[in-house]
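>>> Got a sequence here, can you build the structure:
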Amino acid sequence: MKATRDGDTFTLNGRYWSATYPIEELPRWLAFYRDQREKFPKSGRSYDATIRALEDLEEYAPQQAQGNS
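Predicted structure coming up:
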């Protein structure tokens with residue numbers, strides 16, 4: 001999984017899909033994937049790469065992700 005930032009948006013690139021969102025939604029998507037991992041423990045580590053990519057992106061641009069441009 002790869003997450004990149006381009007101005008006011010970020011893009012998640014998976015093996016078979018990609019999606020672009022406003023940077024302000026980064027915390028919401030990070031919470032979503034963390035919640036999925038908790039709700040579906042049988043999924044094993046399938047959400048880990050996405051969570052790690054979003055966390056790395058959040059560390060890179062924490063103020064923008066929180067809506068403090």
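>>> residue contacts, residue 36?
The contact partners of residue 36, by C-beta atoms under 8 Å, 6 or more residues apart in numbering, come to 43, 47. From N, CA and C alone the C-beta is placed, and that goes for glycine too.
>>> hang on, it is in a strand, isn't it?
No. Assessed with DSSP: H, G, I helix; E, B strand; the rest coil, residue 36 is helix; it does not lie in a strand.
>>> Grab the nearest non-local neighbour of the most centrally placed residue in the chain.
Centroid check for the chain by C-alpha atoms, centre = their mean gives residue 54 as the closest residue, at 3.3 Å. Distances taken as C-beta to C-beta, 6 or more residues apart in numbering place residue 30 nearest to residue 54, at 4.5 Å, with adjacent residues excluded.
>>> For that neighbour, grab phi and psi.
Residue 30 adopts backbone torsions of phi -60, psi -40, taken as degrees, to the nearest 10.
>>> Verify the stated contact: it with residue 53.
No. Judged on C-beta atoms under 8 Å, residue 30 makes no contact with residue 53 at a distance of 9.7 Å.
>>> what sits against the residue lying closest to residue 47 once chain neighbours are set aside?
Sequence neighbours aside, residue 37 is the residue nearest to residue 47 in space, at 4.2 Å (criterion: C-beta to C-beta, 6+ apart). Contacts for residue 37 were tallied using C-beta under 8 Å, 6+ apart; they are 43, 47-48, 51.
>>> what's the burial count for the residue nearest to residue 54?
By the criterion of other C-beta atoms under 10 Å, residue 30 has 19 neighbours.
>>> ok, now residue 47?
For residue 47, using other C-beta under 10 Å, the count is 19.
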